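> I'll drop the sequence and a predicted model, then ask my questions.
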Amino acid sequence: MPGRSPVLQEGTRTNILTVAVLTDQYLLIYTIIMPQVVGKDIGRLVAIFHALSDKTRLRIIACLKDGEQCVCDLTEMFKTGQSRLSFHLRVLKEAGLVRDRPEGRWIYYTLNEETLEELHELMDWIGKTRPRSTKRECCP
């Protein structure tokens, strides 16, 4: 189908030569190159960026930057109900951005340094990417 990008399902393989011929940069970058750079699949990156796309969750990360926090302290800081805060903490945990540690009836949260390092590597890689200035045949 000329002019249309083929859709790949997660986990399928594609012929790199075909992608190059199609000049489908989306597939080349996001399905082949980026996972190799960060060593993770696109679905995980989507979950991380989704978790970071909310103001409340960014504020939670800022609070956890200074160290481990009990859920009761976070509830107090945010002046919100525990169920609302627990929802945001669950999103952050499922994305791998925070870890939890139960102690008695309380749960303590901390940042997951490994995921933050992966995110840092990804941002470094993106910062080093330079746009190509070559004009493609399809562009006037």
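Structure's in. What do you need?
> C-alpha only now, for contacts and for neighbours.
Noted.
> Could you list every helix and strand in contact with the longest helix along the chain?
If you go by DSSP state H, the chain has its longest helix at helix 113-128. Applying 3 or more Cα pairs under 8 Å, 6 or more residues apart in numbering; DSSP states H and E, we find helix 113-128 packed against helix 34-38.
> How many residues are close by Pro102?
The tally of other residues near Pro102 (other Cα atoms under 10 Å) stands at 10.
> Need the phi and psi values for it.
Note on Pro102: its backbone torsions stand at phi -70, psi 140 [degrees, to the nearest 10].
> State the distance from Gly127 to His120.
Gly127 sits 10 Å away from His120, going by Cα to Cα, to the nearest Å.
> got a pLDDT number for Met77?
Predicted confidence (pLDDT) for Met77: 90.
> could you dump the longest helix of the chain to PDB, C-alpha only?
The C-alpha coordinates for helix 113-128 follow below in PDB (Å, rounded to 0.1, in the frame of the first residue of the first chain):
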ATOM      1  CA  GLU A 113      16.800   4.000  40.400                       C
ATOM      2  CA  GLU A 114      17.200   1.300  37.700                       C
ATOM      3  CA  THR A 115      14.200   2.600  35.700                       C
ATOM      4  CA  LEU A 116      15.300   6.200  36.200                       C
ATOM      5  CA  GLU A 117      18.800   5.300  34.800                       C
ATOM      6  CA  GLU A 118      17.100   3.600  31.700                       C
ATOM      7  CA  LEU A 119      15.100   6.800  31.200                       C
ATOM      8  CA  HIS A 120      18.200   8.900  31.500                       C
ATOM      9  CA  GLU A 121      19.900   6.800  28.900                       C
ATOM     10  CA  LEU A 122      17.000   7.100  26.600                       C
ATOM     11  CA  MET A 123      16.900  10.900  27.000                       C
ATOM     12  CA  ASP A 124      20.700  11.000  26.300                       C
ATOM     13  CA  TRP A 125      20.100   8.900  23.100                       C
ATOM     14  CA  ILE A 126      17.300  11.200  22.000                       C
ATOM     15  CA  GLY A 127      19.500  14.300  22.600                       C
ATOM     16  CA  LYS A 128      22.300  12.800  20.400                       C
END
